[in-house]
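Asks: Provide a 3D model corresponding to the input given below.
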Amino acid sequence: MTEAPGKWTADRIYQKLRLGIMNLELYPGSRVTETELAQRYGVSRTPVREALQRLAVEGYLTVRPKHGCYIRQLDVFELAEYYDVRVGLELEGLSLMGKRIPYREVAQLAEDWNPCRVVYGVEGSEEFKDAEESFHIRLAELCGNSVLVQYLRDVNDHIRIVRRLGLPDEDSVLKTYQEHYEICQRILADDLDGAATMLRTHIHESQAKSREVTLAQLESRCRERALTAKSSSE
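Replies: Alright, predicted model coming up:
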């Protein structure tokens with residue numbers, strides 16, 4: 001299917017594909033080709049090739065000579081490394097914030113995540129997952145270091161692919177509200193050590209869930225391959 005007419009530059013194609021990867025429209029392990037994408041966007045293969053090369057450099061694609069490009073497969077070890085970096089960045093942001101705590105902004109963040117305001121209708125929705133991620137970005141922004149925030153955004157881009165596979169239930173939604181709220185309350189009470197401990201635990205629990213989802217997806221993919229191989233041999 002050809003996309004609506006427009007000026008499809010290499011950058012625009014890159015943004016479109018990257019968003020598709022983030023939203024799992026392009027599933028991990030799926031194959032993409034220059035020819036197919038060029039036809040879809042009504043352009044030559046040159047801007048498509050540039051977009052794919054950029055995605056490959058950033059780690060979203062795996063290039064297999066003579067076979068094409070594939071959306072990066074899920075990897076529990078790589079995921080653990082991203083989470084290690086995420087923990088370091090968020091804790092450093094909290095430490096920097098401690099030099100001059102923006103109490104008003106933190107209080108507003110706490111109010112946004114007050115457990116009394118939990119909305120159960122959003123469990124499992126993209127809106128909740130986006131809001132959850134935005135909390136951590138906003139908390140980092142309050143440290144005043146824009147470079148740190150950008151690195152955190154980049155790390156989250158890679159983690160998000162896995163986080164969107166899991167569907168939180170009502171209990172986990174409430175727990176998220178409670179933990180976000182308590183982290184803010186610790187900051188407001190000038191208990192940065194307590195806030196750091198809670199933040200670290202909160203992220204590690206998220207990591208454990210992501211690892212569980214990743215392993216489940218890998219197991220499912222192995223079963224699919226086994227069935228495909230069996231069908232081919234019959």
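
Asks: and the residue most central in space within the chain, how close does it get to L26?
Replies: The centre of the chain sits closest to R160, judged by Cα atoms, centre = their mean, with a distance of 1.5 Å. Distance from R160 to L26, counting by Cβ to Cβ, to the nearest Å: 13 Å. All C-beta spots, glycine's among them, are computed from the backbone N, C-alpha and C.

Asks: am I right that K7 sits in a strand?
Replies: No. Under DSSP: H, G, I helix; E, B strand; the rest coil, K7 sits outside any strand and is assigned coil.

Asks: show me what contacts it?
Replies: If you count contacts by Cβ atoms under 8 Å, 6 or more residues apart in numbering, K7 has none.

Asks: for the closest residue to G98 other than its chain neighbours, grab the count of nearby residues.
Replies: Counting by Cβ to Cβ, 6 or more residues apart in numbering, L192 is the residue found nearest to G98 once chain neighbours are left out, at 4.5 Å. Burial of L192 is recorded as 18 neighbouring residues (other Cβ atoms under 10 Å).

Asks: likewise V147?
Replies: Counted with other Cβ under 10 Å, residues neighbouring V147 total 7.

Asks: now for the host helix or strand of it, which elements pack on it?
Replies: Element membership for V147, per DSSP states H and E: helix 146-163. Applying 3 or more Cβ pairs under 8 Å, 6 or more residues apart in numbering; DSSP states H and E, one finds that helix 146-163 contacts helix 10-22, helix 76-97, helix 126-141, helix 192-233.

Asks: residues of whichever helix or strand comes after that helix that come out buried?
Replies: Downstream of helix 146-163, the first helix or strand assigned by DSSP H and E is helix 170-188. Residues 172-173, 175-177, 179-187 are the ones in helix 170-188 that count as buried (16 or more other Cβ atoms under 10 Å).

Asks: re earlier: any residues in contact with both of R160 and L26?
Replies: Contact with both R160 and L26 is made by no residue, according to Cβ under 8 Å, 6+ apart.

Asks: low-confidence stretches in this structure?
Replies: The chain contains residues with pLDDT under 70 at 1-6, 120-125, 164-168, 217-218, 220-222, 224-226, 228-234.

Asks: name the residues that touch the helix holding V147?
Replies: Around helix 146-163, the neighbours that count as contacts under Cβ under 8 Å, 6+ apart are 18, 21-22, 24, 28, 59, 74, 79, 82-83, 85-86, 89-90, 92-93, 96, 129, 133, 136-137, 140-141, 143, 206, 210, 213-214.

Asks: buried ones in that helix?
Replies: Buried-residue list, helix 146-163, by 16+ other Cβ under 10 Å: 148-149, 151-152, 155-163.

Asks: okay, now W8: neighbour count?
Replies: 21.

Asks: kindly report the same for V119.
Replies: Counted with other Cβ under 10 Å, residues neighbouring V119 total 12.

Asks: how near is E90 to M22?
Replies: Distance, E90 to M22, using Cβ to Cβ: 20 Å.

Asks: neighbour-wise, which of these two wins?
Replies: For E90 versus M22, neighbours defined as other Cβ under 10 Å are more numerous around E90 (23 against 16).

Asks: before we move on, the earlier item: ok, so of the buried residues of helix 170-188, who is nearest Y103?
Replies: The nearest member of these to Y103, counting by Cβ to Cβ, is I187 at 8.4 Å.

Asks: who touches the closest one in this structure?
Replies: By Cβ under 8 Å, 6+ apart, the residues touching I187 are 94, 97, 101, 106, 195.
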